[in-house]
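Asks: no FASTA, just this:
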């Protein structure tokens, strides 16, 4: 896979979102010092002759520019809406464009080692992907064209990853991001209290566990639906438990079961019940004869590298304005793998009697489950989630 450098812009300006993103373990820059907009503003006012007549403008509004020319030159061929005509330019828009402009200007210097960049490399070596809601895409198209109009070094290729609407099932009221997180966090804590028979919210040892479980619950809920489709949030979701086979909590639960399994093997080895793990080359995998073992191997471990590449790929080389992401593929895969492992683990006793004639099968099974553990951990890492050793 080719190595790429990703720059996340613009900074988050909604005062509620930085905390929400941090809770979800999303490292997105927050608004701090705004990028300089003087050059863009001068281009708007002087070179484009932005009209100021016709009455006083609202605070933060500079005026209106025509997008017809740039639409004809670049927009139509790229798939932009032919109805785009004019753009009301604001200071906020220029601030966003300035951040994009700064990111592009630093792009060649920020390239990772081993990624060849020509000495004369410019904005054309990078691509801009705008992640935008379906309600705001028309305005984003205006901003794309405005960038081309005001900045000669703007990237030639801009793509849109359009996200569908988020609705709350059974209620017309809106839910803010902080309220959504707090709701899921409360549900996670209640599910844990039911499992353990006591409230662990005040226990410092469980604070991080509940934080990770809440993030996993929300990420699996939001990413298990294709980004371009409508997401329907069921607030009273009963799957937020270790027994619910559709949630991130269930995946985390099975990661914890694997951790407990290998910790049990380590402890038994230290007690002298089992020998140390032999070289993998010496294992006899023909002893894996259970159907569940081959299900884990052929449906989980072996296809994972290809699935990982497909999930990370964006069809950016295709013509047209829009690209799609397949975040739901990874989420559904991890849930299905967890279900297959859970079924197998409930039925098969891995750490059997400490008898030499049983060690061969035990080691083959442990090696298979090592691979399953690695797949689960890697898959969770693509979602920005660490595995848990207890839950």
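Replies: Nice, thanks for sending it over. These numbers come from a predicted model, not from an experiment.

Asks: by residue count, which helix of the protein is the longest?
Replies: Using DSSP state H, we find that the single longest helix of the chain is helix 356-382.

Asks: buried set for that helix?
Replies: By 16 or more other Cβ atoms under 10 Å, the buried positions in helix 356-382 come out as 360-369, 372-373, 375-376, 379-380. C-beta: built from backbone N, CA, C; applies to glycine.

Asks: what's near enough to touch residue 151?
Replies: Taking Cβ atoms under 8 Å, 6 or more residues apart in numbering, we find residue 151 in contact with 40, 43, 97, 101.

Asks: surely the third one meets residue 148?
Replies: To tie it back to what came earlier, the one meant is residue 97. No: shown here, residue 97 and residue 148 do not form a contact pair, counting by Cβ atoms under 8 Å, at 10.4 Å.

Asks: which residues of the protein score low on pLDDT?
Replies: 1-4, 31-35, 46-57, 107-125, 172, 237-246, 315, 317 (pLDDT under 70).

Asks: hang on, the earlier thing: which helices and strands sit right next to the longest helix of the chain?
Replies: Judged by 3 or more Cβ pairs under 8 Å, 6 or more residues apart in numbering; DSSP states H and E, helix 356-382 is in contact with helix 248-270, helix 291-296, helix 304-312, helix 327-347.

Asks: adding mean neighbour count, write those helices out as JSON lines.
Replies: As requested, the helices and strands packed on helix 356-382 are exported to JSON lines (neighbours: other Cβ atoms under 10 Å):
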{"stretch": "helix 248-270", "mean neighbour count": "19"}
{"stretch": "helix 291-296", "mean neighbour count": "16"}
{"stretch": "helix 304-312", "mean neighbour count": "14"}
{"stretch": "helix 327-347", "mean neighbour count": "18"}
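
Asks: got TSV for those helices, with distance to residue 200 too?
Replies: Output for the helices and strands packed on helix 356-382, formatted as TSV (distance: least, Cβ to Cβ, whole Å):
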stretch	distance to residue 200
helix 248-270	14
helix 291-296	31
helix 304-312	33
helix 327-347	23
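
Asks: tell me which of these sits nearest to residue 391.
Replies: For these, the distance to residue 391 is smallest for helix 248-270, at 4.3 Å, taking Cβ to Cβ.

Asks: who are the packing partners of that closest one?
Replies: Where contact means 3+ Cβ pairs under 8 Å, 6+ apart, helix 248-270 is packed against helix 204-223, helix 327-347, helix 356-382.

Asks: residue 234 is nearest to which of those helices?
Replies: Here helix 204-223 is closest among those (Cβ to Cβ), at 8.6 Å.

Asks: which one of the buried residues of helix 356-382 is nearest residue 265?
Replies: For the buried residues of helix 356-382, the nearest to residue 265 is residue 366 (6.5 Å; Cβ to Cβ).

Asks: doesn't residue 160 belong to a helix?
Replies: No: read with DSSP: H, G, I helix; E, B strand; the rest coil, residue 160 is strand and lies in no helix.

Asks: I'd assumed residue 321 was in contact with it.
Replies: Yes: between residue 160 and residue 321 a contact is recorded at 5.4 Å, counting by Cβ under 8 Å.
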